[in-house]
Every structure is written in C-alpha cells, then in structure tokens.
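Undergrad: this one's structure only:
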C-alpha cells in the first residue's frame, strides 16, 4: 500500500503547496528517545523539567460537566482557571522524546522565546476530590483501554489531539504507526493491546471539491479545499469513515473551522444554499446565501444522530470535542493578525470568542443535547469533551510565528489556530481519560 503524507503545515495548506516529505513505512517502530541526540536544546529542557510520576486519575461521569443519562456530573470541569504550577504542569513529552510532532506544532524546535506556556495547569472550580483534574497517567489510561480502540475523525486540530495523546502514551510504550490506502492513519500499542486511528476530513459529512474529482480528496490537497468552493451534502454522513465506526469502542468527532470556507450546500442531492457564493453564481446556480453556522449545525446534526442511532452497527461511545477558539488580534490570518501573549487570561479578564466560532460552539452544544435521548434508546453512549472555555483562556499556547523555520512559511507567517506540542492542548487527554473512566 502506498504511504500517505503527514498533515502539511498550515502555511502549506493555505497556499496550496504540497510539502515534500519522506514516505512513512507501512509499519515503523519508533523508540521514545530516538530523537534525543538531535535536539540538544530540547534535551536540556527535558532534563530541566525532569520526569514526573503521575497520581491516579479520578473517575468522572463525563468530562466538562455534561451528563448523558446519568444525572448531573460531579463537577463542571469547564469552569475554572489556569494556575501557574511549573512542577504540576511539567510536559509528559517534548520534541526530544517524541518523534511524531510535526513542524507546525513544534514551537520548541522553532525557538518560541517564552516557554512559560508549559507551566500552567487547568484547575476546575468547585474543589474536592470529585472535581480535581488529575495529571494524566498513561499506565492508568492503558489499564482502562486494554483490548479497545479509539478513532478520531476531523481536521488538523484532531490530528494534533492524536499526536498529543500518542506522544504522551509513547513515554510508556513506543507504538507502531502505519498509513493505509483508505486514508486512515493507525497507531498500535501491542503491549497494552490498544489502538488509535485517525481519519482526516474537514467536514465529516459527504463532500467534494466543487471543481475536483467526484470523491473527496485527502490532506495532501488541503490548499485546494481551503480555497474552495466545496460541495457539502449536509444530510449524508461521510461513508469513507462512518463504516469504520462500528469497529471502534470510542469515536471522537470535532471539525468546525473549515465550515467558514466557500461551499455549496446540498440536501437530498439538491443545492439549497451556499457560502462565498461567487463561484456558484459564476456557474449559473440560483442558490441562497447561507451563513457557515447553518452548514456546521446541519453537519453535526447528521453525524451525531447517525452515531446515536447506531448507524451501521455502531454501539460504542461517541464523543463530541467542541471547537477550540483562535486568538488572532490586530487582524486575521492574512492581514497582520498575531497572538503574542505569553500567559493565559486572568480569571477576571474577559475572554470573548470570535464569530463564527461562538455560533459553532452553541450549535455543537444544542445538537449534542438533541441527539442524547436517541443515543440512550439505542444503547450508544454520547459524551461531550468540552474544551472551548478552557482553551479560550490560552492565547499564549499557539505557535504564533514559531510554527516554521525562518522564511519557511510561504505567504502565511502567523498561526493562532493550531496549538504548540507540548502545550495547553495536552489537557484534552485528561478530559478524555475522565470520559473513558466514567
């Protein structure tokens, strides 16, 4: 089988340039400390931070304080603050101990000047053992998931979550990694009988490039997808990944940001609207202009209800990870926007989410609740991994200008969408562990 390229850097995808990368063998054993000798600076950081022994993880019915059929959760982990705790927030890995971090996430490699973003720990409000978010414990996680598997479906942020999880777990066992011709990336931890899969799709429903091939394309053509337009069939789950759901115990869906790109919207095979309609008008299409939130809500409704209904035999746990906000200030992606913050927002600081991200988040919460009753009736567990409020308070955790080498960014210089690895995104694994332990 032909190996597929890794998710390109953001600069590459925005300019439509495919980055050259060495093909990944079908199965590759990657020792945890292989890269240590090549990153002296990162090695120093790792030695400075030192190893940290995790404490056992506290069980919780659901992460984020949202319950699915079991009454109220023990606490609301989405409310709290980031506290400065250099010892408690020590990263589980660095680019010196995990070879899977991609350049656009590798802030340490590219010289992010302040590493204080690695010294903050999320502390939920409420206090007490039932509400304390314990440090991630890889061995405790492996004990819970022995004989199981998890699939992540989404965009480059979902890929970053996978990398964060795999890098953390790789400190306990080096995984094997392979790509398959059907678009999946697979990681396996044989000693713990656990598997992780990832499928890249920016929309999760059936889609294609409007002026491209009849089927959806892969991550190597993200630049074209970003430019658009794309045809989105909002009432049809993407059958490239949906049949695989039944083969996994956990399925995590998440993608939202791409719905802001130009697209034509379809229902029952007919165009019903569009966003960024210039291309549709040029083709003579008479469709109504609709906001991105319309399509994003409809897509999540379709996917969540398909999973809740046990589509194609799925009987596992479906997890919705909510939108992770961007933090551009003084402009946007192409007009001087930046994210130079060096610390989280204080508790008393107002943190406002930009549109359409606030609408995306609202739609996710409402569609999650709407699908809950059907999920319980069909023996499917529906859980919410609510990271939005937590990440909204971390403007310091993005690569900013340090997701690439000098001059290696095409026409795109500043990244305030993705997250540094290691970094604040690692808290998602703590919340995921809460869900699995419930």
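TA: Looks like it arrived, so ask away. Keep in mind it's a predicted model, so treat the numbers as computed, not measured. Numbering: from 1, shown residues only.

Undergrad: going by C-alpha atoms from here, please, whenever you check contacts or count neighbours.
TA: Will do.

Undergrad: residue 178 in helix, strand or coil?
TA: State at residue 178, reduced to three classes by DSSP: H, G, I helix; E, B strand; the rest coil: strand.

Undergrad: surely it touches residue 196?
TA: No - counting by Cα atoms under 8 Å, residue 178 stays clear of residue 196, with 10.8 Å between them.

Undergrad: which one's more surrounded, those two?
TA: residue 196 (21 against 18; other Cα atoms under 10 Å).

Undergrad: confirm that the more buried one sits in a helix.
TA: No - using three-state DSSP, the assignment for residue 196 is strand, not a helix.

Undergrad: how about residue 393, nearest residue that isn't a chain neighbour?
TA: residue 345 (5.1 Å; Cα to Cα, 6 or more residues apart in numbering).

Undergrad: do I have it right that the one you found meets residue 351?
TA: Yes - Residue 345 is within contact range of residue 351, at 7.4 Å (criterion: Cα under 8 Å).

Undergrad: hmm, back to that, how about the residue nearest to residue 393, what does it touch?
TA: Each residue near residue 345 by Cα atoms under 8 Å, 6 or more residues apart in numbering is listed here: 351, 393, 394, 395.

Undergrad: among these, which ones are buried?
TA: The neighbour count (16 or more other Cα atoms under 10 Å) marks 393, 394, 395 as buried among these.

Undergrad: pick the one among those residues closest to residue 368.
TA: For those, the closest approach to residue 368 (Cα to Cα) belongs to residue 393, at 23.3 Å.

Undergrad: ok so, going back, what's the overlap in contacts for residue 345 and residue 351?
TA: With Cα under 8 Å, 6+ apart as the test, residue 345 and residue 351 both reach residue 393.

Undergrad: what's the longest helix in the chain?
TA: helix 357-377 (DSSP state H).

Undergrad: name the residues that touch that helix?
TA: Contacts of helix 357-377 (Cα under 8 Å, 6+ apart): 68-69, 256-257, 293, 296-297, 300-301, 304-305, 307-310, 320, 322-323, 325, 381-382, 384, 388.

Undergrad: give me the subset of the residues you listed lying in strands.
TA: Mapping these onto strands (DSSP state E) picks out 320, 381, 382, 384.

Undergrad: most neighbours, which of those residues?
TA: Per-residue neighbour counts (other Cα under 10 Å) across the ones in strands among the contacts of helix 357-377 peak at residue 382, which has 27 neighbours.

Undergrad: name the element the closest residue to residue 288 other than its chain neighbours belongs to?
TA: Closest residue in space to residue 288, ignoring its immediate chain neighbours: residue 273 at 4.4 Å, by Cα to Cα, 6+ apart. Element membership for residue 273, per DSSP states H and E: strand 270-275.

Undergrad: how about that strand: buried residues?
TA: 271, 272, 273, 274, 275.

Undergrad: hmm, who's touching that strand?
TA: Contact with strand 270-275 is made by 260-266, 280, 287-292, as judged by Cα under 8 Å, 6+ apart.

Undergrad: how about low-confidence regions in the protein?
TA: Along the chain, segments meeting pLDDT under 70 span 1-74, 127-130, 279-285, 334, 405-412.

Undergrad: please repeat the previous calculation with a cut-off of 50.
TA: Within the chain, the stretches with pLDDT under 50 are 1-62, 65-73.

Undergrad: which residue would you name as the spatial centre of it?
TA: Residue closest to the average C-alpha location in the chain (Cα atoms, centre = their mean): residue 158, at 2.5 Å.

Undergrad: tell me the helices and strands packed up against the host helix or strand of that one.
TA: In this assignment (DSSP H and E), residue 158 forms part of helix 156-169. Where contact means 3 or more Cα pairs under 8 Å, 6 or more residues apart in numbering; DSSP states H and E, helix 156-169 is packed against strand 148-154, strand 194-200, helix 427-437.

Undergrad: so what does the second one touch, helix or strand wise?
TA: Where contact means 3+ Cα pairs under 8 Å, 6+ apart, strand 194-200 is packed against strand 148-154, helix 156-169, strand 184-189.

Undergrad: show me how far the last one is from its chain's centre.
TA: For strand 184-189, the distance from its own C-alpha centre to the chain's C-alpha centre is 16 Å (Cα atoms, centre = their mean, to the nearest Å).

Undergrad: compute the inter-axis angle for it and strand 194-200.
TA: Orientation check (axes from the mean of the first three to the mean of the last three Cα atoms, to 10 degrees): strand 184-189 against strand 194-200 gives 160 degrees.

Undergrad: oh, and call the first residue 2 from now on, that's how I've got it
TA: Okay, using 2 as the starting number, the last item reads as strand 185-190.

Undergrad: sheet partners, orientation included, of strand 185-190?
TA: Sheet pairing of strand 185-190 (DSSP bridges) gives strand 177-180 (antiparallel), strand 195-201 (antiparallel).

Undergrad: please apply the same query to the first one.
TA: Applying DSSP bridges to the sheet, strand 149-155 is found paired with strand 195-201 (parallel), strand 251-254 (parallel).

Undergrad: now tabulate the ones you listed in JSON lines and tack on distance to residue 167.
TA: Converted to JSON lines, the strands paired with strand 149-155 look like this (distance: least, Cα to Cα, whole Å):
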{"stretch": "strand 195-201", "distance to residue 167": "8"}
{"stretch": "strand 251-254", "distance to residue 167": "15"}
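
Undergrad: which one, of the ones you listed, ends up nearest to residue 439?
TA: Evaluated over those, closeness to residue 439 peaks at strand 251-254, with 13.0 Å, by Cα to Cα.

Undergrad: what is the burial count for residue 191?
TA: By other Cα under 10 Å, 14 other residues sit near residue 191.

Undergrad: ok, it - contacts?
TA: residue 176.

Undergrad: how about a cut-off of 10 Å?
TA: Residue 191 is in contact with 147, 148, 174, 175, 176, 177, counting by Cα atoms under 10 Å, 6 or more residues apart in numbering.

Undergrad: can you flag the buried ones in these?
TA: The neighbour-count test (16+ other Cα under 10 Å) marks 174, 175, 176, 177 as buried among the contacts of residue 191.

Undergrad: residues contacting the residue nearest to residue 338 when sequence neighbours are not counted?
TA: Among residues not flanking residue 338 along the chain, residue 332 sits closest, at 3.8 Å (Cα to Cα, 6+ apart). Taking Cα under 10 Å, 6+ apart, we find residue 332 in contact with 338, 339, 340.

Undergrad: secondary structure class for residue 332?
TA: Following three-state DSSP, residue 332 is assigned to coil.

Undergrad: give me phi/psi at it?
TA: Main-chain dihedrals, residue 332, degrees, to the nearest 10: phi 140, psi -170.

Undergrad: just the one 10 residues further on next, same as before
TA: Backbone dihedrals for residue 342, given as degrees, to the nearest 10, come out at phi -60, psi 150.
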